[in-house]
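[1] curious how this folds, go ahead:
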Amino acid sequence: MVCEQDGTHRKNELKQVVHAANPDLLFFLESKTNAEQMIKLKGFEEWVISAKFCFMSCYWSERQDKKAYGNEGILILSKIQPQKVVYGMGDEVVDEQARVVVAEFENVMLLVTYNPQGGFTKESLGLREAWETKFKAYLASVNEG
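    Next up is the predicted model:
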């Protein structure tokens, strides 16, 4: 990433932020590429190794047997190998949008999600409300498990 601000150039801003923060986990929502393309990016594999990420997972929306990269999806980079990763809520309609991932580690379970937006039409608000209802039920089931 290259950006210009106040006449100065900043290269690889994301790499610099990650290096400075040194996170154990990174989650990206709605990234605009897939794992196969990302690994081909010049310097990406070297960066992942130098940042000590040992686990990478991409969960993408799938519609009519097509992956919809960049529409909905979650990318995980982790320095710790999760014991278990669960993709979706177990609902075929909701899960085609790739909006929920649970990553379980030795002492913590992380649930990563984002809700649908799609504007403020009656139809989109109805879809969002239905998603939120299903998500609340899913949270209750995760809490019980």
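[2] any regions of this structure where pLDDT drops low?
    1-11, 32-34, 62-71, 145 (pLDDT under 70).
[3] how does it look with 50?
    Low-confidence segments of the chain (pLDDT under 50): 1-4, 7.
[4] report the longest helix in it, please.
    Longest helix in the chain by number of residues, with DSSP state H as the criterion: helix 122-144.
[5] with just CA atoms, put that one into PDB.
    Output in PDB follows, covering the C-alpha atoms of helix 122-144 (Å, rounded to 0.1, in the frame of the first residue of the first chain):
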ATOM      1  CA  LYS A 122     -37.500  -2.400   3.700                       C
ATOM      2  CA  GLU A 123     -36.100  -5.600   2.000                       C
ATOM      3  CA  SER A 124     -32.500  -5.000   3.300                       C
ATOM      4  CA  LEU A 125     -33.600  -4.100   6.800                       C
ATOM      5  CA  GLY A 126     -35.700  -7.300   6.800                       C
ATOM      6  CA  LEU A 127     -32.800  -9.400   5.800                       C
ATOM      7  CA  ARG A 128     -30.600  -7.800   8.400                       C
ATOM      8  CA  GLU A 129     -33.300  -8.300  11.100                       C
ATOM      9  CA  ALA A 130     -33.500 -12.000  10.100                       C
ATOM     10  CA  TRP A 131     -29.700 -12.300  10.200                       C
ATOM     11  CA  GLU A 132     -29.600 -10.800  13.700                       C
ATOM     12  CA  THR A 133     -32.300 -13.100  15.000                       C
ATOM     13  CA  LYS A 134     -30.400 -16.100  13.700                       C
ATOM     14  CA  PHE A 135     -27.200 -14.700  15.100                       C
ATOM     15  CA  LYS A 136     -28.700 -14.300  18.600                       C
ATOM     16  CA  ALA A 137     -29.800 -17.900  18.600                       C
ATOM     17  CA  TYR A 138     -26.300 -19.000  17.400                       C
ATOM     18  CA  LEU A 139     -24.700 -17.000  20.300                       C
ATOM     19  CA  ALA A 140     -27.000 -18.700  22.700                       C
ATOM     20  CA  SER A 141     -25.900 -22.100  21.400                       C
ATOM     21  CA  VAL A 142     -22.200 -21.200  21.500                       C
ATOM     22  CA  ASN A 143     -22.700 -20.000  25.100                       C
ATOM     23  CA  GLU A 144     -24.300 -23.300  26.000                       C
END
